[in-house]
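Asker: Fold the following and give me the result.
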Amino acid sequence: MPPLPKDPALRQRRNKTSTRARLETEEQSLVEAPPRLPYGRDWHKLTKAWWRDVWASPMAGEYLSADVHGLYMLAELIDQFWKEPTQGLAAEIRLQRQCFGLTPIDRRRLQWEVARSEVATTRRDQRRVRSAQDGDMDPREALRVIK
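Answerer: Now for the predicted structure:
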């Protein structure tokens, strides 16, 4: 007969992560963003758009006031890149944006899960059904578990 499982209260290792978070979608996020990029320079329009997108994203809810300084430095790098792109700047931007969960793989590494609205889930399911009907994919992939 196999041994009985250990009582969970006695376990030494629980495999809990400290960075795991469920991020709210843009409509649900109520984070107050810094009003704008620092004054004293002419920011590229794509840098300004990036800044607005970052603060409208679900990840903004995880940022602390101390993180704003790092985002300002990243904005500086992005601005330099849009004005005069180099491979070195692109590499540094890639490294710096990992810290803020700005790409899907970074969010996965940080174990941040973006909450999906019911509308988005329904649209995704409808796209899968249409693809299956058109013969673009295996029809079984359109199926999902109903809870």
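Asker: Sketch out the helices for this protein, chain order is fine.
Answerer: For the chain, the helices defined by DSSP state H occupy 45-56, 67-83, 87-97, 104-109, 118-134.
Asker: In JSON lines: those helices, plus mean pLDDT and mean neighbour count.
Answerer: Bear in mind the C-beta positions are built from the backbone N, C-alpha and C, glycine included. Output for the helices of the chain, formatted as JSON lines (pLDDT from 0 to 100; neighbours: other Cβ atoms under 10 Å):
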{"stretch": "helix 45-56", "mean pLDDT": "90", "mean neighbour count": "15"}
{"stretch": "helix 67-83", "mean pLDDT": "94", "mean neighbour count": "16"}
{"stretch": "helix 87-97", "mean pLDDT": "94", "mean neighbour count": "13"}
{"stretch": "helix 104-109", "mean pLDDT": "86", "mean neighbour count": "13"}
{"stretch": "helix 118-134", "mean pLDDT": "67", "mean neighbour count": "12"}
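Asker: Of the ones you listed, which is nearest R144?
Answerer: R144 lies closest, by Cβ to Cβ, to one member of the helices of the chain: helix 118-134, at 6.4 Å.
Asker: and M1, how far is that from P8?
Answerer: 21 Å (Cβ to Cβ, to the nearest Å).
Asker: circling back: relative to P38, which of the helices of the chain is closest?
Answerer: Here helix 67-83 is closest among the helices of the chain (Cβ to Cβ), at 6.3 Å.
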